Structure formats: C-alpha cells, structure tokens
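> just the structure for this:
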Amino acid sequence: MKNTITKLFIFLGFVLLIGSCSKEEEKQEEVIRPIRYAQVYFSGGEAFQTFAGVSKAGTESQLSFRVSGVLTSINVVEGDVVKKGQLIATIDDSDAKIAFQQTVAQTQSSKVQLETMKANLDRTKKLYEANNVSLSEYEQAKNSFSSAKAAYKNSQQTEDLKRRELSYYKLYVPMDGIIAEKIASRNENIMAGNPVVKFASGNDLEIKVGIPEKYISKIKVGDKVDVAFTSVSGKKFKGKVTKLSYVADVSSTFPVTVLLDAKSQNVRPGMSANVTFQVQQKSSQPYMIVPVDAVGEAVDGQRFVYTVERLDDKTGIVHYKTIQIGDISGKGFIVEKGLKEGEMVVTSGVTKISDGLKVKFLKKYQQKI
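Coordinates of the predicted model:
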C-alpha cells in the first residue's frame, strides 16, 4: 500500500512537471518581432531616375600608322599612363630603310656630279674670257651646271621625304594621357589608318548614358546630376549634362553625355557608373511616397508593402498589400496605387515578416514629404 501511494505521488509530480514545461514553451513561443514603420502622406516632390553609364576621357582618339606593314612591337597595355613622345609601337621598316639608303646614295652621287659641273663651268668660263672656247661651249657648261644643280636639289628633297616616311613606321604618344584600349597585336598586318590603340587625354572625364524615350524629353543640357561609380564605394560625384542626342541608338535609347565637375584619381576611363537625373521638378501636384526599403518585390514582379494595424500603443498586426509604384523621388518611391494617406508601413526587413504577424514598435518615425 505504501509503495502504491509513493508511485502515485511520483506520477502526479511528473504530470505537474510536464505541464510546467509546456507552459514555459508556450511562453517562449510567443515572440513578437520588433519593427520600424513610417506613416505615409501626400506631398509634392522631385522625381529621380538612375541610369547606367560608362566613363570616358573628354578627349579620346584612335592612334594609327600612316603606312601599312607588319607590327613588330607594341610597348603599351590598357591602362598605361603615358607621356608625350613615348614610343607606342613599331612597324617593320626594313624596306623603307633600303629605300632611304638608296636616296642617300643618289643624293651623294648628285652632289659629286654638281661639284664636277661647277668645276667645269669655272674652267670653261675662264677659257671663254680668254677667247679659248666658243660661246656655245660656255653656254653648254652653264646648262650642264644648272641641270646638275636641279638634280641635286631633287635628290635632297627625295631624301628628306624618305627620311620623313621612315619616321612613319614608329607610333609615338602625341600628349600625356592613358592607353584606354589596345586594339592591335604584335605580328599583325596593319593597314594605314587602322587603329592600333585608343588614347585618352585631358583632365575632363565624361559619362556616356543611354536614356529611355520616356525620360529624354525631361532632361536638358546644363541639368545637374549625381554620379556614383561601382568601384568607388561611398562617394558621389557631381556632374552636368553637356550633350543630348535627338536620335536613338541601336539599343533604342538616347545617348546623353555628362561631364564630371571634378576628376578623382580613383576614377578612370572605362569605369561603370550610375547617373541620377531629376526627371520631375517640385510641383504642387500631390504625391504619396514610401521609403525604398519599405517596398518588396514578389516572385511575379509585383511590388508590395506591409501595412501595420495598431492593436495598442506598443503592438500591431502587419498586412500584406500589393501596390503600384512610379518614379523614384529623393526620399523613396512614388506610389500610384494601393495605399491611403495616413497608413503605416513597415520600413525595414520586409522579407523577414509575413501577413498577419504580430509585431511591436521598435522605433517610430513619421515621414512627411
């Protein structure tokens, strides 16, 4: 009997222990996620759009040889900082050297012939003055000297031309700058005028941007823009629009040129950039704006937010709501459809919550735009 009572007490204690643990687990399961939220209002504001572009030097050209031939050397690579007069590449000039040496020999021969004709003229002149030769012989000596003089001058001009042409087989840097692209390779047969390298010079740096048809009419020469480079994190540059194209390119966008206000040593030609244009001025027309971080994107591409239904001063319930957005302003997306003024939306961590989740207000900030 005593054993039976003891077992009964042990059993009751075990049941009470399980119940206590279950209650503890229930308490632990009731975790309320903290959120931040903002209240949306109508307001007039600017609208901005960001487009990708590529930087290039303000002065960019393709350097080429004036003669054809086999490329025997190329002494630069892409990105090289080069100085005026530095040798870029050479073409096989063996035939040109032979032709030049032939003109040098011809010039020397013409010079000897000229000296001979000059001596003959001087001798004939003295004989003529002494009445020892006829006038016709004297005239013939003068003509021979004139012909030799003309031949020598022609040889000198030909030699100068061949010497100048010999320099065409070497390609030099025209001014301080950067090798933006190496186009040709060693042992390649180069035609006269075909580019060997793309050369960038000058301190100006431009960004080439393609603007869709929807926005090109809202951009003007002189507009101020913000430029961010993917390789230069945490820094923004100012620029202005300098050129607008009125004809679309093959990508069906309109080329726009942006000039950076100041050049940085960290920014070089060929870098990817994001350029932000103001496509809508401040207006009295009301806009409803939500922070960028408040907007999520579903698998089907539909944009959504989580609105907050207040339960009390500290907690609420979130609700999934699809919205339609337009342009991006300086403070967030312009909402075209799906929200009402005064609604509260979750502003961070929208991928970590779900419809109907109970939440508590970590930090409230009211956004009035």
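> okay, CA-based contacts and neighbour counts for the rest of this
Noted.
> and Y138, what helix or strand is that in?
Y138 is part of helix 135-167, with elements assigned from DSSP states H and E.
> OK, contacts around I323?
Neighbour list for I323: Q302, R303, F304, V305, V335, E336, K337, G338, L339 [criterion: C-alpha atoms under 8 Å, 6 or more residues apart in numbering].
> just list the residues touching the fourth one, thanks.
This points to V305. Going by C-alpha under 8 Å, 6+ apart, the list of residues near V305 reads A294, V295, G296, Y320, K321, T322, I323, V345, V346, V350.
> now the buried members of those residues.
Burial of these was assessed by neighbour count (16 or more other C-alpha atoms under 10 Å); the buried members are A294, V295, G296, Y320, T322, I323, V345, V346, V350.
> so which of these belong to strands?
For the buried ones among the contacts of V305, membership in strands holds for G296, Y320, T322, I323, V345, V346, with DSSP state E as the criterion.
> can you pull the pLDDT of the closest residue to the last one other than its chain neighbours?
Closest residue to V346 in three dimensions, ignoring its sequence neighbours and counting by C-alpha to C-alpha, 6 or more residues apart in numbering: Y37, at 4.3 Å. Here, the pLDDT recorded for Y37 equals 86.
> how about the helix or strand Y37 falls within: buried residues?
Taking DSSP H and E as the definition, one finds Y37 inside strand 33-39. Buried residues in strand 33-39, counted by 16+ other C-alpha under 10 Å: I35, R36, Y37, A38, Q39.
> how about it as CSV, C-alpha atoms only?
Provided in CSV are the C-alpha atoms of strand 33-39 (Å, rounded to 0.1, in the frame of the first residue of the first chain):
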residue,chain,number,x,y,z
ARG,A,33,9.1,40.8,-33.8
PRO,A,34,10.1,44.4,-33.5
ILE,A,35,9.7,46.7,-36.5
ARG,A,36,10.2,50.2,-37.7
TYR,A,37,7.5,51.9,-39.6
ALA,A,38,6.5,55.2,-41.2
GLN,A,39,3.3,56.9,-41.8
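> can you give the strand pairings for that strand, parallel or anti for each?
The strands beside strand 33-39 in its sheet (DSSP bridges) come out as strand 344-346 (antiparallel), strand 358-364 (parallel).
> if anything else comes up later, I'll come back, but that's it for now.
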